[in-house]
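**Student:** Fold the following, please.
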Amino acid sequence: MPVSSGAVSISTISRKNSASDQIPAPGPGIPMPWLQLHLQADRSLATEAEDLLMACGAVSVTLSDNADDPILEPGVGETPLWPRVRITGLFEADADPEAITAEIEATLPGVSMDTCLWETLEDRAWERAWMDEFQPVRCGDRLWICPSWCQPPNPEAVNLRLDPGLAFGSGTHPTTFLCLQWLDRLVLNRKTVVDYGCGSGILGIAALLLGASRVIAVDNDPQALTATRANLERNQLSAERLLTCTPDVFFTVEADVVLANILAGPLLSLAPRLSGTTRPGGMLCLSGITRAQVPTVLAAYPAFDFTPMASQDDWVRLTAVKRAITG
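**Tutor:** Numbering: from 1, shown residues only. Just a heads-up that it's a prediction; the model follows:
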C-alpha cells in the first residue's frame with residue numbers, strides 16, 4: 001500500500017559535475033569568483049540542457065520551478081520536472097560565456113536565448129550561508145526544532161535536534177508545523193504512537209521527547225526510515241522505543257495516537273488502516289490536506305469525532321477522537 005512521507009514540495013534538483021572534484025582550491029585568503037548562467041526551458045528540453053551545460057564545464061547545474069508550479073510528493077525514486085524549468089549552471093571564473101552561449105544556441109534551438117543571463121557570483125562561505133537558512137523553530141509551549149549547529153534558544157525546553165537532509169520533514173512546512181503544535185499540547189506519558197508516512201521521523205521523535213513510551217514509524221521509502229533512525233540517534237533516544245517498518249510489514253496495533261501527515265489521496269485510501277490502528281478513545285491527527293479536500297477526508301473517517309480544524313496558509317490539520325464501542 002503506497003504512502004507518502006509528508007506533504008511537501010520539491011523546489012530544486014541539483015547535479016554536481018564529478019570533474020569538479022579535481023578543481024584545485026584557491027590559495028589561502030584568495031576568494032574565487034564564479035560565473036553563473038540562468039536559462040529557461042520547457043520540461044522536454046531540461047535534461048538535454050542540463051547535460052549540455054555539464055559538458056561545457058559547469059561545476060554544478062540546478063533545476064528549479066520557473067512558474068510557481070510545485071511538485072507534491074513524487075513517488076519513491078522519481079524525479080519529475082515542472083512544465084517550465086529554470087536551469088542554473090555554475091562555472092569557474094575563467095569559463096568563456098560567449099563560447100558557451102554559442103554552443104547552447106547551436107545545439108538547443110528550442111531554448112529561447114532571451115532568457116539567457118550571465119552573472120558574476122562572488123565567493124562566500126557557502127556552507128555557512130546554507131546553514132544560516134535553518135534556524136530553531138518554536139512549535140508550542142514546550143517544543144523546539146533545532147539544527148545541530150545551533151544552540152537551543154531555551155536549553156530547558158524540549159529540543160528536537162534535526163538537520164535538513166534527503167528525507168522530507170524539517171518542521172518548517174505548514175503541515176508538519178501544525179502537527180508539532182498539536183503534539184506539544186498533548187499528555188503523551190505511557191502512550192503508544194504511530195507515525196504513518198514518517199519521512200524524517202520528526203513527528204514520532206517529537207512524541208518520544210514529549211513523553212511517549214513507544215513509536216512505530218511507517219514509510220514506503222527506505223531512505224525515510226534510514227533518516228528516522230539517524231535522527232533518533234541524534235536525539236540520544238533508545239532504539240528500543242522506536243520501530244521503523246514499511247507499510248507491507250506494518251502489523252496491526254491499537255495505538256493511543258495515530259499521526260498521518262501525508263496527502264488527501266493516501267489519507268482516503270488508508271482510512272480503514274488508520275481507523276483500525278486507532279484504539280477506541282484514541283486520538284487521530286491528519287494533515288497534508290487543503291481546505292477544499294476537508295469534507296471528503298472527514299467522510300472517510302465516520303468512527304471519529306473531529307475537533308475544529310486548524311490551518312496555515314491553505315493547509316489544514318484535522319484532529320479527532322475515536323468513539324468508544326458501545327452495545
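**Student:** Quickly find the element holding residue 181.
**Tutor:** helix 174-184 (DSSP states H and E).
**Student:** residues making contact with that helix?
**Tutor:** 6-8, 137, 139-143, 145, 158, 169-171, 202-203, 206-207, 210, 259, 261, 285, 287-288, 310-313, 315-317, 319 (Cβ atoms under 8 Å, 6 or more residues apart in numbering). Every C-beta, even on glycine, is put in place using the N, C-alpha and C of the backbone.
**Student:** Skip ahead from it and say which helix or strand is next.
**Tutor:** Next along the chain after helix 174-184, with elements defined by DSSP H and E, is strand 192-196.
**Student:** send the alpha carbons of that following strand over as CSV?
**Tutor:** What follows is strand 192-196, C-alpha atoms only, in CSV (Å, rounded to 0.1, in the frame of the first residue of the first chain):
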residue,chain,number,x,y,z
THR,A,192,1.9,4.3,22.0
VAL,A,193,2.1,6.5,18.9
VAL,A,194,2.0,5.5,15.2
ASP,A,195,3.7,8.0,12.7
TYR,A,196,2.4,6.8,9.3
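**Student:** now that strand: mean pLDDT?
**Tutor:** Strand 192-196 shows a mean pLDDT of 97.
**Student:** Report the angle between that strand and helix 174-184.
**Tutor:** 180 degrees (axes from the mean of the first three to the mean of the last three Cα atoms, to 10 degrees).
**Student:** who's in contact with whichever helix or strand comes after strand 192-196?
**Tutor:** Once strand 192-196 ends, the next helix or strand along the chain (criterion: DSSP H and E) is helix 202-209. Contacts of helix 202-209 with the rest of the structure, by Cβ under 8 Å, 6+ apart, involve 139, 143, 145, 158-160, 162, 169-171, 176, 179-180, 183, 188, 191, 193, 195, 198, 215-217, 228, 231-232, 235, 237, 241-242, 257, 259, 261.
**Student:** mind running it again at 6 Å?
**Tutor:** 158, 160, 162, 169, 171, 179-180, 183, 188, 193, 195, 198, 215, 217, 231-232, 235, 237, 241, 259 (Cβ atoms under 6 Å, 6 or more residues apart in numbering).
**Student:** List buried residues within those residues.
**Tutor:** Applying 16 or more other Cβ atoms under 10 Å to those, the neighbour count classes 158, 160, 162, 169, 171, 179-180, 183, 188, 193, 195, 198, 215, 217, 231-232, 235, 237, 259 as buried.
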